[in-house]
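Chemist: Okay, sequence plus prediction incoming.
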2 protein chains.
Amino acid sequence: MTDDIGAFVPGPRVRIEGRAGGPLKGLTFAAKDLFDVAGTATGGGNHDWPTGRPVPVKNAWAVQTLLDAGATLIGKTITDEVSLGILGENAFDGTPVNVRAPGRVPGGSSSGSAAAVAAGLCDTALGTDTGGSVRVPSSFCGLYGIRPTHGRLDVTGMMPQAPTSDTTGWFARDAETFAKVSSVLLGEVIPAALPTKLIVAVDAFGFADADVATALQPMVKRLGSLIGNSREEIMAPQGLSVWARAQRTLQPSEAYNTFRDWLDKGNPRFAFSVARALVMGSMIAEGDRVWANLMRQEVRSRMAYLLKPGTILCLPTTPFPAPLRGQPLSVLEPLRDRITCLCAHGGLAGFPQVNLPGAVTVDDLPVGLSILGPRGSDATLVAVARAMEKVA
Amino acid sequence: MTDDIGAFVPGPRVRIEGRAGGPLKGLTFAAKDLFDVAGTATGGGNHDWPTGRPVPVKNAWAVQTLLDAGATLIGKTITDEVSLGILGENAFDGTPVNVRAPGRVPGGSSSGSAAAVAAGLCDTALGTDTGGSVRVPSSFCGLYGIRPTHGRLDVTGMMPQAPTSDTTGWFARDAETFAKVSSVLLGEVIPAALPTKLIVAVDAFGFADADVATALQPMVKRLGSLIGNSREEIMAPQGLSVWARAQRTLQPSEAYNTFRDWLDKGNPRFAFSVARALVMGSMIAEGDRVWANLMRQEVRSRMAYLLKPGTILCLPTTPFPAPLRGQPLSVLEPLRDRITCLCAHGGLAGFPQVNLPGAVTVDDLPVGLSILGPRGSDATLVAVARAMEKVA
């Protein structure tokens, strides 16, 4: 299959047939170039990352799990450099085309995986989500996407960025495929039973652009009908921007720590914005980190308080649809900061989250509605996604 | 001529014959890729710099002046990215070979120009010197090199970095060629008369590695005999490191200002170290800049006090010979900071300086002796260089 949307990493395309007879038989998938595939260098979206590193001899756990279940790997996809980026513009490898929003970014860092699934080049694709890297492209490309409970999936063979926030995630165009793949990767049957309580995060809806909140209202209503018992709550009493500040303190500082030896020895090439993020990560004061870790505890406790068993919460995945491609950093960075306000809880608290596609703004641009559940309730969120598609 | 030392920018080599019958007839030269050559994109050592910029239709003043004088341009040379670097390692284009110190850096940012002259690929070469970019490679490659009086030469068609410190400079292997080229670019006959007083900067000699100070002693003695009247003085009563601090405050902040629109709109690719320098430049506090500008005034007044008409001053150009190539940033950066302590006066005060080759350390690595004179005394310094070669 040709890749005229620039979703796959340049060079010869890797392909590995799935094991015969598994539950994902007949499905194809792509893997973000953060996942090891035996015999192929892991690029990490950066041309200097593979230098001096051995070519993997084993597939990453997530890749192997999909292959064992019968899905066929059809390529590795472009990512923001070392997964640092939320918009999906890679200065070295290009920006995958978002077929659902032409002329706009696909979202990142799992840009190529989302773009490939959205374009129908494969049925599902692996991504990673540290600060929003599956949730944001799901929203921008109109896809199902999951950030599972942090720590639940084996991350062997997945390039780290900020390990206390890193998760494996995946995309699909339809809820049935999403459920099938989720069942395999979660190692759990997708249940029939749905949650019984819905919280609508009023602060998050208020923070989104007005037309996004409007576009999501029909879905929120359907979700309310499906669950039966719905109430409004402030998700972040301390402030979404305060949560974002904690995340933007912990994640870059942890990412710098992950890459510091490589930066020192390899002096690798980066787009200015990526290097700057790493430099900023290197300069975070210990006192700020101490505060951010305390706030993280508060976020966890708030989310646990809201998300009691049987309860889910919904919020806009992103405050706006995909921005235009190729804008100046001074335009993109305030946008990125606003996105972080709606994504920070993921990295801070580690609760599972699923993006539900279906809504579009007046300009016909996709925007996603996210549902969050208690730790370990991943399969239940997938069940909600499936039920929502049935009542759509 | 083949370029097996990687001194020239990759791609087809530009060549322009010199005008017939000029004083530089028969000489060849190369130009650092910061100088415009009509019909060729100016690369600036960075693969994204040429994007969206018109290809020059005129030669830079310095290039045209050499062509008019009869020298033939034989190529454009590699530079540290956007001239930010003092060691000569370019992560995109490679590190030119220093034939005088194999396995070691050539020095930068005029790395390719110095390497090409040292290897005999051309007779002279244009460089630029903002914080040491001609002086350092002259010292590391064993060449004559000049940083002229700031503001003296026309910098039209020369890519700026920090305009209040930027100068054009050039290299040669022998003093006769150096004098011929200098006479053309300075627009002045190299005089016969020499200065009558020599100051030996004891703080600078004390700051250099002991074996460098030892290696330079015979040259200092010869220089003393040549000039006749020599005394020791502290060059920087406020501290060489304090001068360096002022330079490292003003130059990066000015460089960031030069490039900020491009960084914002183009998000260009850089080696991590170069991006970091720009990020640091963006974060310098106004109060620090105010102080650095006051210190700059003190440096100018100190240099003017020392360098009365008829007086020159000598110091080691660099505190050590060329470091090994490919070392980690954590090793190279303290070295760079020490180099700045012996180079900061150039950018801060703008007095002319010439590097005299000839000395080698016990390992046979070149190290240069610098002479500095009053503003406008450039030709006299070249005269000293010529006289020194005769008594060598």
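Modeler: All right, it came through fine. It should be emphasised that the depicted structure is a prediction, and the values quoted were computed from it without experimental measurement. Numbering: from 1, shown residues only, chains lettered A, B, ... in the order given.

Chemist: Near chain B, which residues of chain A are found?
Modeler: Within reach of chain B by CB under 8 Å from any CB of the partner chain, chain A has these residues: A:48, A:89, A:91-92, A:263-265, A:267-273, A:275-276, A:278-280, A:328-330. C-betas here are computed from N, CA, C, even on glycine.

Chemist: Now for the residue of the stretch 1-150 of chain A found nearest chain B: which residues touch it?
Modeler: Ranking the residues of the stretch 1-150 of chain A by distance to chain B (CB to the nearest CB) places residue A:91 first, at 5.3 Å. If you count contacts by CB atoms under 8 Å, 6 or more residues apart in numbering or on different chains, residue A:91 has them with A:81, A:271, A:274, B:48, B:267-269.

Chemist: Got a PyMOL select line for the buried ones in the residues of chain A next to chain B?
Modeler: Only the buried members of those end up in this PyMOL selection, burial being decided by 16 or more other CB atoms under 10 Å in any protein chain shown:
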select buried, chain A and resi 48+89+91+92+263+264+267+268+269+270+271+272+273+275+276+278+279+329
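
Chemist: which ones among the residues of chain A next to chain B are found in helices?
Modeler: A:263-265, A:272-273, A:275-276, A:278-280, A:329-330 (DSSP state H).

Chemist: got those residues as TSV, with pLDDT columns?
Modeler: Formatted as TSV, those follow (pLDDT from 0 to 100):
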residue	pLDDT
A:263	98
A:264	98
A:265	97
A:272	98
A:273	98
A:275	98
A:276	98
A:278	98
A:279	98
A:280	97
A:329	97
A:330	97
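
Chemist: Which one of the contacts of residue A:91 is nearest to residue B:305?
Modeler: residue B:268 (42.6 Å; CB to CB).

Chemist: shouldn't the closest one be in contact with residue B:50?
Modeler: No. Using CB atoms under 8 Å, residue B:268 and residue B:50 do not qualify as a contacting pair, with a distance of 10.5 Å.

Chemist: Domain ranges for chain A, per the record?
Modeler: Per automatic domain parsing, the structural domains of chain A span A:28-186, A:197-390.

Chemist: measure the first one end to end?
Modeler: Going back to what we said before, that points to domain A:28-186. One end of domain A:28-186 to the other measures 18 Å (CA to CA, to the nearest Å).

Chemist: and what of stretch A:361-376?
Modeler: Across stretch A:361-376, the terminal residues are separated by 32 Å (CA to CA).

Chemist: buried stuff in that stretch?
Modeler: Taking 16+ other CB under 10 Å as the criterion, stretch A:361-376 shows A:361, A:365-375 as buried.

Chemist: So among those, where is pLDDT lowest?
Modeler: Least confident entry in the buried residues of stretch A:361-376, by pLDDT: residue A:361, with 94.

Chemist: List phi and psi for it.
Modeler: For residue A:361, the backbone dihedrals (degrees, to the nearest 10) come out as phi -80, psi 180.

Chemist: Do I have it right that it meets residue A:213?
Modeler: No. Between residue A:361 and residue A:213 there is no contact, the gap being 10.4 Å when judged by CB under 8 Å.

Chemist: and the contacts of residue A:91, which two are the farthest apart?
Modeler: For the contacts of residue A:91, with distances taken as CB to CB, the pair at the greatest spread is A:81 and B:48 (14.5 Å).

Chemist: ok so, going back, name the nearest of the ones in helices among the residues of chain A next to chain B relative to chain B.
Modeler: If you rank those by distance to chain B using CB to the nearest CB, residue A:275 comes first, at 3.2 Å.

Chemist: how close does the closest residue to that closest one other than its chain neighbours get to residue B:346?
Modeler: In this structure, residue A:275 finds its nearest non-sequential neighbour in residue B:275, 3.2 Å apart by CB to CB, 6 or more residues apart in numbering or on different chains. Separation of residue B:275 from residue B:346 (CB to CB, to the nearest Å): 25 Å.

Chemist: Would you mark the buried spots in stretch A:156-164?
Modeler: Residues of stretch A:156-164 classed as buried: A:157-162 (neighbour count, 16+ other CB under 10 Å).

Chemist: Spatially, what comes nearest to the residue sitting furthest away from the middle of chain A if we skip its sequence neighbours?
Modeler: Among residues of chain A, the one most distant from the C-alpha centroid is residue A:265; the distance is 30.1 Å, by CA atoms, centre = their mean. Setting aside the residues directly before and after it, residue A:265 is nearest to residue B:328 in space (CB to CB, 6+ apart), at 4.7 Å.

Chemist: With residue A:165 instead?
Modeler: Going by CB to CB, 6+ apart, residue A:165 has residue A:347 as its nearest residue, at 3.4 Å.

Chemist: ok so the one you found is a helix residue?
Modeler: Yes. The assignment for residue A:347, made by DSSP: H, G, I helix; E, B strand; the rest coil, places it in a helix.

Chemist: So it is in contact with residue A:247, correct?
Modeler: Yes. If you go by CB under 8 Å, residue A:347 and residue A:247 touch, sitting 5.2 Å apart.

Chemist: Can you check which residues contact both of those two?
Modeler: A:131, A:165.

Chemist: From chain B, how far off is the closest residue to residue A:196 other than its chain neighbours?
Modeler: In space, not counting the residues next to it along the chain, residue A:196 is nearest to residue A:310; the distance is 4.7 Å by CB to CB, 6+ apart. Taking CB to the nearest CB, to the nearest Å as the measure, residue A:310 falls 46 Å from chain B.

Chemist: Let me know whether residue A:310 touches residue A:195 as I believe.
Modeler: Yes. Counting by CB under 8 Å, residue A:310 sits close enough to residue A:195 to count as a contact (5.2 Å).

Chemist: more crowded one of the two?
Modeler: Of the pair residue A:310 and residue A:195, residue A:195 is the one with more neighbours under other CB atoms under 10 Å in any protein chain shown, namely 23 against 16.

Chemist: Skipping its backbone neighbours, what lies nearest the more buried one in space?
Modeler: residue A:312 (4.7 Å).

Chemist: What residues does that neighbour make contact with?
Modeler: Each residue near residue A:312 by CB under 8 Å, 6+ apart is listed here: A:195, A:197-199, A:227, A:371-373, A:377, A:380-381, A:384.

Chemist: which among those gets closest to residue A:255?
Modeler: Sorting these by distance to residue A:255 puts residue A:372 at the head of the list, at 23.7 Å, by CB to CB.

Chemist: Is the closest one bridged to anything, and to what?
Modeler: residue A:313, residue A:353 (DSSP bridges).

Chemist: Surely residue A:128 is in contact with residue A:111?
Modeler: No. Using CB under 8 Å, residue A:128 makes no contact with residue A:111, being 11.6 Å away.

Chemist: which of those two has more neighbours?
Modeler: In terms of neighbours (other CB under 10 Å), residue A:111 is the more surrounded of residue A:128 and residue A:111; the figures are 37 against 26.

Chemist: Tell me which residues touch the more buried one, please.
Modeler: Contacts for residue A:111 (CB under 8 Å, 6+ apart) come out as A:7, A:77-80, A:88-90, A:95-96, A:105, A:137.
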